[in-house]
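A.B. asks: Sequence plus the predicted model coming up.
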Amino acid sequence: MSAPAPVQRTTLQLYRDCLRLVRHIAPGNSPKGIALRNMVKGEFAKNKTVKDAAQIEVLKAGAIRALSNYMLYESGSKDTKLGTAMKKFNHDQKETLIQKGDTDRNTR
C-alpha cells in the first residue's frame, strides 16, 4: 500500500484543530470536554515518536478524516435532508453486516 498524498496541515496545526473542535463540542471543564481533550492529547502523545514520513502522513490523514466525519455528522443533525440520507446509509450498512454475518455462519 502506498503512502497517501501529503496532507497540507502540519501536525501542530492538526493538534490545535482537534483541541479547538473539542472546545466547540464540549466547552468548559465538563466531564465530556476533559475526556475528549485527554483522548486527543493521548493519541498525539502515543505517536510522537513516529519518525517515518509515510507513517506520519497516514496518521495525519486519519486525524483529518476524523475531523471531517465529525463535521459531516454535525451537519447531518442540522440539515434534515442530509440527516435522512445518513440514517438510510447507516441502516443499509447495518443490514449488510447482518446479512454478511448470517452468510458467514452458514458457511461454517
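C.D. replies: Thanks, I have the structure now. Numbers count the residues shown, from 1 in each chain.

A.B. asks: pLDDT weak spots in this protein?
C.D. replies: For the chain, the stretches with pLDDT under 70 are 1-7, 102-108.

A.B. asks: Identify the residue nearest the geometric centre of it.
C.D. replies: The chain has Ala66 as the residue nearest its centroid, 2.2 Å off, counting by C-alpha atoms, centre = their mean.

A.B. asks: the strands in this protein, which residues?
C.D. replies: Under the criterion DSSP state E, strands are not mapped anywhere in the chain.

A.B. asks: Could you give the number of residues near Leu59?
C.D. replies: Residues near Leu59, counting by other C-beta atoms under 10 Å, number 19. C-betas here are computed from N, CA, C, even on glycine.

A.B. asks: for it, what are its contacts?
C.D. replies: Listed by C-beta atoms under 8 Å, 6 or more residues apart in numbering, the contact partners of Leu59 are Asn47, Val50.

A.B. asks: let's go with 10 Å and repeat that
C.D. replies: Val7, Thr11, Leu14, Glu43, Phe44, Lys46, Asn47, Val50, Asp52 (C-beta atoms under 10 Å, 6 or more residues apart in numbering).

A.B. asks: Having no further points to raise, I will conclude here.
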